[in-house]
Structure formats: C-alpha cells, structure tokens
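1. Below is the structure, and that's it, no one-letter string:
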Ligand code: ATP
C-alpha cells in the first residue's frame, strides 16, 4: 500500500536554531503514529509543517501522492488534513454545533459554491450533529463553545476536524489538561475512528500515546532517534 503521508528530508530553522534537521517520516493510510520527546525536540514544528502552518527551508511534504509543500493550511484541509492545537482553537461565541458546521465548511468545496451560507449550514446540520454525538457532546449542541469545560473544548475541536472527514488527523497534545476519565473517553473516541483515518499526534502523556498509537517515534533535538511499535513496547 502506498504511503498517505511522506515527509522527505525536511529541515526547518528559526534563525540559528535548527528545529528540525533533515527529518523523514512516512505514514500509511489508517496508521496511528505518536511523536514523543522532550520539550523543544521539534514535535509541534513537525505537525505545523504537515498541516501547512509553516514551510520547511529544505525538503518536501507529499500527501496522497501530491507535493503539498507549498500549499497553505486551508488547501491542505480540503485535501483531507485535519488538525487540532495545543490550546483548543474554537469559536467561543458560536454554539458547539456551529463550531462543527464551520469545520465542515472547509471540506464542503464544490458544494459550497452551490449553496447560500444559510442553506449550506442546513446541509451540514445533520452530519454535524452526528459528529457531536460521536465525540460525546450530543447534550451541549446549543451551548456556546466559550462556556464549555476545557475537556469539552478539546473534544469539540476534534469534532471540528472530524467534520471535514480527514484522511489524516493531526492532534497536538490532545490529552493535555484532561481528567483521567476524559483521557479514557478520548482514547475510546480515537479507537473508534474509521480504520482508514490516519492519526499523527504529539503527546507527553505516554500511557495515552501508547494506547492510541500503532507506532511511536521519538524526536530529540530536531531528529527522529527511534521508531518503535506501540504494542511491543508500552511505557512501564
Ligand atoms: P514542546 O513539547 O515543549 O511543545 P516541541 O517538541 O513541540 O516542544 P517545538 O515547539 O517544535 O518543540 O520547538 C522546537 C524548537 O523550535 C524550540 O527550540 C522552539 O523554541 C523553536 N521554535 C518553535 N517555533 C518557533 C518560532 N516560531 N520562532 C522561533 N523559534 C521557534
């Protein structure tokens, strides 16, 4: 099977600091990969490069056989790269439901041209409600995102990404700040994603990372130093 994502010999510098040094990595369709490593190892930088938030000075990013190195985050989202952030990026004044509708707009592409914003919202309501249910937020659909708990906002941001039906879901420290019960809920949610959805996540919560990932890559000082199977080598 050909790779869904290929990061090829990518270097990202900030001034004199080399955040990523000639990094290569690939992900098969449906693969779940965790990136772990100390602070400053380059984990978030790698996610940003794959999501199109930053560009490498050297190297290439290939998604589904297409060179996306020069594409921005919106174009990549339309191709099927969804992402969440270290601090959940939700629209605080919009209801949980409308946040998910906004997430769906990104992928609506051709349909968007056919519909007025009102009709498009109507078109996206039903799938958005299903997404909210799937992330465990079916009871807060009308609540403004700003009034949700931190854990609920994390789940909502994942819902916003899922509304775009991503083939690659990028998660930056999804378990950070969650209560143990919420971490468990998130683990179940990720396990229930469609088998074809690949996941690339950064996580400091090692038990969670090993529970959701097939493979774990360790980054240190901007370089991958090991990639191991999560099933063979769980954390102690
Ligand atoms: P953490 O676990 O603390 O989030 P990380 O492994 O995600 O760390 P990055 O955030 O990718 O690390 O940062 C890698 C290095 O690049 C760090 O030294 C960081 O200070 C630096 N860096 C990241 N973004 C920028 C930026 N926009 N400008 C300057 N330096 C940056």
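-> Nice, thanks for sending it over. A quick note: this is a predicted structure, and the numbers were derived from the prediction, not measured. Numbering: from 1, shown residues only.
2. which one is the most centrally placed residue in the chain nearest to, not counting chain neighbours?
-> By CA atoms, centre = their mean, the chain has its centre lying nearest to residue 170, at 2.0 Å. In space, and not counting its chain neighbours, residue 170 is closest to residue 83: 3.9 Å by CB to CB, 6 or more residues apart in numbering. To be clear about C-beta, it is placed using only N, CA and C from the backbone, and glycine gets the same treatment.
3. After the lowest-mean-pLDDT helix or strand in the chain, which helix or strand is next?
-> When the helices and strands of the chain are scored by mean pLDDT, DSSP states H and E, helix 96-114 comes last with a mean of 73. Counting by DSSP states H and E, the next helix or strand C-terminal to helix 96-114 is helix 117-134.
4. Return the set of buried residues in that next one.
-> For helix 117-134, burial by neighbour count (16 or more other CB atoms under 10 Å) applies to 120-121, 123-125, 128-129, 131-132, 134.
5. and which of the residues you listed is nearest residue 45?
-> Of all these, the one with the least separation from residue 45 (CB to CB) is residue 131, at 28.9 Å.
6. Hmm, the closest one is touching residue 163, no?
-> Yes. Taking contacts as CB atoms under 8 Å, residue 131 lies within contact range of residue 163: 5.1 Å.
7. Spit out the residues that contact those two alike.
-> Contact criterion CB atoms under 8 Å, 6 or more residues apart in numbering; residues shared by residue 131 and residue 163: 100, 103.
8. hang on, the earlier thing: number of nearby residues for the residue nearest to residue 170?
-> Per other CB atoms under 10 Å, the neighbour tally for residue 83 reads 25.
9. go on, the one 5 residues further on?
-> The burial count assigned to residue 88 is 22, neighbours taken as other CB under 10 Å.
10. Now do the SS call for it.
-> Here residue 88 is recorded as coil under DSSP: H, G, I helix; E, B strand; the rest coil.
11. list the contacts for it?
-> By CB under 8 Å, 6+ apart, residue 88 lies in contact with 150, 153-154, 156-157.
12. Put the buried members of these into a ChimeraX selection.
-> Buried subset of the contacts of residue 88, written as a ChimeraX selection, criterion 16+ other CB under 10 Å:
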select :153,154,156,157
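13. So which of the contacts of residue 88 is the closest to residue 139?
-> Nearest member of these to residue 139, counting by CB to CB, is residue 156, at 12.6 Å.
14. just checking, that closest one touches residue 148?
-> Yes. Checked against CB under 8 Å, the pair residue 156 and residue 148 is within contact range at 6.4 Å.
15. Spit out the contact partners of the nearest residue to residue 229 once chain neighbours are set aside.
-> Leaving out its chain neighbours, the residue that sits closest to residue 229 by CB to CB, 6+ apart is residue 215, at 5.9 Å. Going by CB under 8 Å, 6+ apart, residue 215 touches 31-34, 227-230.
16. ok, now residue 48?
-> Residue 48 touches residue 54, counting by CB under 8 Å, 6+ apart.
17. just so I have it, where are all the strands in this structure?
-> Here the chain has its strands, by DSSP state E, at 5-14, 17-27, 32-36, 58-63, 66-67, 81-83, 168-172, 198-202, 215-220, 223-229.
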